[in-house]
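*Asks:* mind folding the following:
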Amino acid sequence: MPVVLILFSVMYPLECLHVPPFENHWSVPSIPRCTQCGSLLLNSVSIHAALLNLLFLTSERRKRAAAKHLIERYYHQLTEGCGNESCSTSWCASSAGFTRMDNNAAAVKALELYKVNATLCDPHPSKKVTASAYLESNSAGNRKSNHKDVHSVRDNFRDVNYLTEDKVYEILDICGEKEDYSPLIRVLGRVFSSAEGLVQSFRRSKPHTKEELKSLQGKDEDKDEDEKEAAACSAMEEDSPPSSSSSRLGEGSSGGNDVQKLGPDEVSVDIEAVRRVYERLLSNEKIEAAFLNALVYLSPNVECDLTYHNVYSQDLNYLNLFVIVMENSNLHSPEYLEIALPQFCKAMSKLPLSALAKLARLWSHYSTEQIRRMVETFQQLITYKVISNEFSSRNLVNDDDAVVAATRCLKIVYYANVLGGDLDTEHNEDEDEEPIPESSELTLQELLGEERRNKKGPRVDPLETELGIRTNDCRRPLVAFEEFVNEPLNEVLEMDKDYTFFKVETENKFSFMTCPFILNAVTKNLGLYYDNRIRMYSERRITVLYSLVQGQQLNPYLRLKVRRDHIIDDALVRLEMIAMENPADLKKQLYVEFEGEQGVDEGGVSKEFFQLVVEEIFNPDIGMFTYDERTKLFWFNPSSLENEGQYTLIGIVLGLAIYNNCILDVHFPMVVYRKLMGKKGTFRDLADANPVLFQSLKELLEYDGNVEEDMMITFQISQTDLFGNPLMYDLRENGDKIPVTNENRKEFVAQYAEYMLNKSVEKQFKAFRRGFHMVTNESPLKYLFRPEEIELLICGSRNLDFLALEETTEYDGGYSRDSRIIKEFWETLHSFGEEQKRLFLQFTTGTDRAPVGGLGKLKMIIAKNGPDTDRLPTSHTCFNVLLLPEYSDREKLRERLLKAVTYAKGFGML
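*Replies:* Next comes the predicted model:
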C-alpha cells in the first residue's frame, strides 16, 4: 500500500484523487475525506503526511513486539526454566536455589527484569523445543527446523479443554518420550485453571438403563465379550463432555441432564480415575507446580461465580471441580497454605446449602484415611494462619477470612465423618407430652416490643437439618471427634466477642460457636457461662422493671433458705413452688442461705448446697436410685415409691448446677446423658450401665449351639423390687410361651435392653428430664455439647493433676512462689493421699472435682493470713482463696492443714 501511494504522488503531484476507503484493511490517519462521497481525498501533501505517520506507527509496533517477546521469555524462564539443572541464574526456575512463585508473581517479576535488562539464559538442548513453542519467536531458519517437532506436539493438545484419564496418560507418554513435560504442564494449567474445563473433566461413563439392557439382550443374546466392550466404549463416547466450543456451564452440556439421574450422594466425576491421575502426576515437582498455579487462578473466579452468578443452580455438575481439587493429596503442603488453599476454601464456603450437603454425603463414603487427610488439610491451614498472625481483642481471629473459610469447609468434613460413622437415627426419646410451662411474665424483649429469641429452644445447624441427622446420632465416627478440635485456635479466640457474634447472628461476623466441633470443652463451657450470666442479668432487669412499674417486691435472685438438717425438704419444697408458679425464676442467679450461718453466697455457699443435696438424694436408703457396687454408678429405681414430682425436682437441681457453673459429685452411666440429649438406650449402652448383663447377652448372641434346646430361655424376664420380691415382665405378648431361638435371639436382646434402659424407668426418667429442661430449654447446651462433654460439664474431671494446679496458682498478701512456707506447702500437699487431696479441694473450692479442663484451669489464690499461730487455715470457697498463716515449720503446717480439711463444715464471717 505505501508503494502505491508513492506512485500516485509522483504521477499526480497537484491533483486530488478520489480513492475508495481502505481503512478496513489498514488504518491510515491524517487523510481527509471527500465531503460529497466520503472517499479518501489524496494529494501529495496528504500522502507524505500519511507516510510519516505509518513509519512512526510501524516502528512503535516493532518496539512493543520486541518488548512483549522479551517479557515472555523472562516469564517463561521464571515459570519453566531453561532446562539446565546446573544453571546459576538466580531468576531462572532451573537453578537450585530458585523459589517457586505463582503466575501473578512471575508476571510482575518478568516486568522488573525487563526494566533492568536482566540476563536471559540460553535454552538447554532439552528445552529448546519447548522454548520455541512457548515463545514462537525464533528465527525463520529455526522455525523451519523445529516446525515438525514443536507444532506436532502443540497441535495435538491445543484443543484439549477438558481431561480424561486416558488423555492424561497419552500426553504423559508423549512428553516422557521427548523428555519434555511442558506440553502437559500447559494442558494441566489450562484445564485446572478453568472452572468449565475442570467441571467437564474425568466424567464417569453412563451406565445402561434396564430398558437398554433388555433391548440389547433381545436383539442378540449371543453377543460375545468383545462386542460388549465395544458397546460400553460407545456409551462412554456418547456420555463424554462436549468440546470447548460449547456454551457456558449449564447451557447445553450433557452433564446437566445426567445429574438428574444421580443419587443424593453421587457425582458425575470418576473419583477413582482422579486419584490414579494424581498419584502418577504429583511425583513430578514441576507438574505439581502447575496444579498449584492453576488453583491460585481458579479459586477467585469460582468464588465470583458462586457469589454473583449462582452457577450451581444452573449446573449441578459444578460440584465436580471441588471433588477433583480435594483429591489432591498435597493440599496441606506449605506451598498451598499461603495463597492457593485459603482462596479455594473461600470459594468452597460460598457453595449453597444443598451443595454442602451433597459434598458431605459423598465424602461420607470415603475411608477413614481419606477423611483424616481432609481434616488434616483444613486443620493445617487454620493452625498456620493462627500461628503466623498475632490475634488479640483488637485483631480478632473471627475477622480472618482464611481461618473462617477453612472452618466452614471443615464443617462439611465433620458431618461427612458423622454420616460415615456408626449411625443410630431410630432410637430417639419421645418429646415431652406436656410443653414446659413458660413464665406468665413478659420477657425484656417483649416488653420492648421485640420478638423473643429462641422461644422454641436452642438453634439447630442448617446443614444438620439439611442432612437429616444429629451429631448425637453417631455412636462411633470414622475419625475421633477430638481430632476436629484446634487447640491453637482455642487459645487465641476471644470468647466474649465470639459469643456476641453468636447471639447477634449477622452475616458480617462469624462465630466459631456455630462450629462447636472445633472448640474444646473449656472454650465451650466459657461460652455457656456467658449465655447463662446474660440470661441471669436479663431476668434481674425484668424483675427491677416490674418492681418499678407494678410495685412488686424486688426479688432479683432465686433465693433458697435451707436448714442443714432438713436440706432436702426445704430445698425441694421451695423449688417445687417456683416450678409451679413461675418457672422463669429458675433462670435467675441462685442465692443460697444456710439458716443460722453468716456466710454470704458469692458462689461457695451454692457449691456446698449442691454437694449436700446430691449426697442426700443419692443415698440408697431413700430408694430413688439404685447403686451398683461393681460399676460405682447410680441408676433410676424402677420400683421407687417416690412420685414423679421428686424426680422432676432432681432434674431441676441438675440443671441449676450447670446453670450456676457448679460441679456435682454425680455418678451416672453415659446412657443417662445420651437420654438427656434425646437418644434412647440400646444394647451397647448396657456395657457401662450393666456390664454383667451386657456380657451375658453378648454371649447369647455369639453362641454357636442350639439356643432353644441348650438355654431354654423365653421372652419373659424377671426383676426384683425394692423389697427383694421377684417381678415378671413379658418382652412380647405371652412371652412365657415364646422360646428364644437362634433366629429371634437378636430381637430378644434388643427388647431386653429396651426394657432395662427405657421402659422400666420411663416414668422416672421423663420426670427427671422435664425438670432438667425447665432450666436448660433455652440454653445452647444441646447445640454445643456431646453427651460425654455434658458429663464432664456436670461432674468435672476425675483426673486431679496437682502439679498443674501449682503452676497456675497465684499468691497475695506477701507470699510468692519462692517463699519458704509456699515451697513447704506444695511439698506437703503432694505427699497427701488421694482422699486427702480431694478433701483439700473440697475445703478450698467447695467441690472435690476438677473443673472442665483439669486443675490447671482452676484459679486458686494463696494469701498470707498473719504470722505463725495456732489458728487453722481458712478459705473463701466463693473465690478459691486459701488463707494460710506463716507457720514456723513443715510439721506444724502439715498438722494444721490436715485438721482443717478433715473437719471443715459450715460457713462463718471472718
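
*Asks:* which residues touch Lys737?
*Replies:* Thr714 (CB atoms under 8 Å, 6 or more residues apart in numbering). Backbone N, C-alpha and C define where each C-beta goes, glycine included.

*Asks:* need the phi and psi values for it.
*Replies:* Phi and psi for Lys737, reported as degrees, to the nearest 10, are phi -100, psi 0.

*Asks:* from Asp730, how far out is it?
*Replies:* Per CB to CB, to the nearest Å, Lys737 is found 9 Å from Asp730.

*Asks:* any low-confidence regions in this protein?
*Replies:* 1-63, 65, 123-156, 206-261, 431-458, 550-554, 598-603, 722-723, 904-910 (pLDDT under 70).

*Asks:* which parts of it are strands?
*Replies:* Under the criterion DSSP state E, the chain contains strands at 17-19, 40-42, 422-423, 474-476, 557-562, 589-594, 625-628, 633-636, 716-720, 726-730, 810-812, 861-864, 874-876, 881-884.

*Asks:* beta partners for the spatially closest residue to Asp812 that is not a sequence neighbour?
*Replies:* Residue nearest to Asp812 in three dimensions, not counting chain neighbours: Ala863, with 4.2 Å by CB to CB, 6 or more residues apart in numbering. In this entry, Ala863 is beta-bridged to Asp812, Leu883, by DSSP bridges.

*Asks:* using JSON lines, lay out the strands of the chain together with distance to Tyr414 and mean neighbour count.
*Replies:* Below are these laid out as JSON lines (distance: least, CB to CB, whole Å; neighbours: other CB atoms under 10 Å):
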{"stretch": "strand 17-19", "distance to Tyr414": "75", "mean neighbour count": "14"}
{"stretch": "strand 40-42", "distance to Tyr414": "73", "mean neighbour count": "18"}
{"stretch": "strand 422-423", "distance to Tyr414": "14", "mean neighbour count": "14"}
{"stretch": "strand 474-476", "distance to Tyr414": "10", "mean neighbour count": "15"}
{"stretch": "strand 557-562", "distance to Tyr414": "37", "mean neighbour count": "18"}
{"stretch": "strand 589-594", "distance to Tyr414": "35", "mean neighbour count": "20"}
{"stretch": "strand 625-628", "distance to Tyr414": "35", "mean neighbour count": "16"}
{"stretch": "strand 633-636", "distance to Tyr414": "31", "mean neighbour count": "20"}
{"stretch": "strand 716-720", "distance to Tyr414": "40", "mean neighbour count": "13"}
{"stretch": "strand 726-730", "distance to Tyr414": "41", "mean neighbour count": "12"}
{"stretch": "strand 810-812", "distance to Tyr414": "38", "mean neighbour count": "14"}
{"stretch": "strand 861-864", "distance to Tyr414": "39", "mean neighbour count": "19"}
{"stretch": "strand 874-876", "distance to Tyr414": "42", "mean neighbour count": "20"}
{"stretch": "strand 881-884", "distance to Tyr414": "41", "mean neighbour count": "22"}
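
*Asks:* and these as JSON lines, adding distance to Gly263?
*Replies:* Below are those laid out as JSON lines (distance: least, CB to CB, whole Å):
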{"stretch": "strand 17-19", "distance to Gly263": "70"}
{"stretch": "strand 40-42", "distance to Gly263": "68"}
{"stretch": "strand 422-423", "distance to Gly263": "18"}
{"stretch": "strand 474-476", "distance to Gly263": "21"}
{"stretch": "strand 557-562", "distance to Gly263": "53"}
{"stretch": "strand 589-594", "distance to Gly263": "53"}
{"stretch": "strand 625-628", "distance to Gly263": "47"}
{"stretch": "strand 633-636", "distance to Gly263": "43"}
{"stretch": "strand 716-720", "distance to Gly263": "43"}
{"stretch": "strand 726-730", "distance to Gly263": "43"}
{"stretch": "strand 810-812", "distance to Gly263": "60"}
{"stretch": "strand 861-864", "distance to Gly263": "61"}
{"stretch": "strand 874-876", "distance to Gly263": "63"}
{"stretch": "strand 881-884", "distance to Gly263": "62"}
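
*Asks:* looking at these, which is nearest to Gly189?
*Replies:* Gly189 lies closest, by CB to CB, to one member of the strands of the chain: strand 474-476, at 41.0 Å.

*Asks:* direction included, what does the closest one pair against?
*Replies:* Next to strand 474-476 in the sheet, as set by DSSP bridges, lie strand 422-423 (antiparallel).

*Asks:* how far away from the center of its chain is the partner strand?
*Replies:* 19 Å (CA atoms, centre = their mean, to the nearest Å).

*Asks:* which residues are in contact with that strand?
*Replies:* Ile469, Asp473, Cys474, Arg475, Arg476, Pro477.

*Asks:* if we can go back for a sec, hmm, Glu810 and the residue nearest to Asp812 touching each other?
*Replies:* No: the criterion here is CB atoms under 8 Å, and Ala863 misses it with Glu810 at 9.3 Å.

*Asks:* for His332, state which of the contacts of strand 422-423 is nearest.
*Replies:* Nearest to His332 among the contacts of strand 422-423: Pro477, at 20.5 Å, using CB to CB.

*Asks:* measure that closest one to Gly866 for me?
*Replies:* 56 Å.

*Asks:* so which of the two has more stuff around it?
*Replies:* Applying other CB atoms under 10 Å to Pro477 and Gly866 shows that Pro477 carries more neighbours, namely 21 against 11.

*Asks:* can you tell me how far the more buried one sits from Cys409?
*Replies:* Applying CB to CB to Pro477 and Cys409 gives a distance of 18 Å.

*Asks:* give the contact list for the residue nearest to Asp812.
*Replies:* Shown in contact with Ala863 (CB under 8 Å, 6+ apart): Tyr811, Asp812, Gly813, Tyr815, Val881, Leu882, Leu883, Leu884.

*Asks:* what is the neighbour count of the fourth one?
*Replies:* What that stands for is Tyr815. Tyr815 has 20 nearby residues by other CB under 10 Å.

*Asks:* surely it touches Lys864?
*Replies:* Yes: with contact defined as CB under 8 Å, Tyr815 reaches Lys864; the gap is 5.0 Å.

*Asks:* what is in contact with those two at once?
*Replies:* Shared contacts of Tyr815 and Lys864, defined by CB under 8 Å, 6+ apart, comprise Leu884.

*Asks:* residues contacting Ile617?
*Replies:* Ile568, Met624, Phe625, Ile650, Val653.

*Asks:* repeat for Pro488
*Replies:* Pro488 is in contact with Ile382, Thr383, Val386, Ile387, counting by CB under 8 Å, 6+ apart.

*Asks:* one more: Pro620?
*Replies:* For Pro620, the contact set (CB under 8 Å, 6+ apart) comprises Thr626, Tyr627.

*Asks:* at 6 Å instead, please
*Replies:* Tyr627 (CB atoms under 6 Å, 6 or more residues apart in numbering).

*Asks:* thanks again, I'm all set now.
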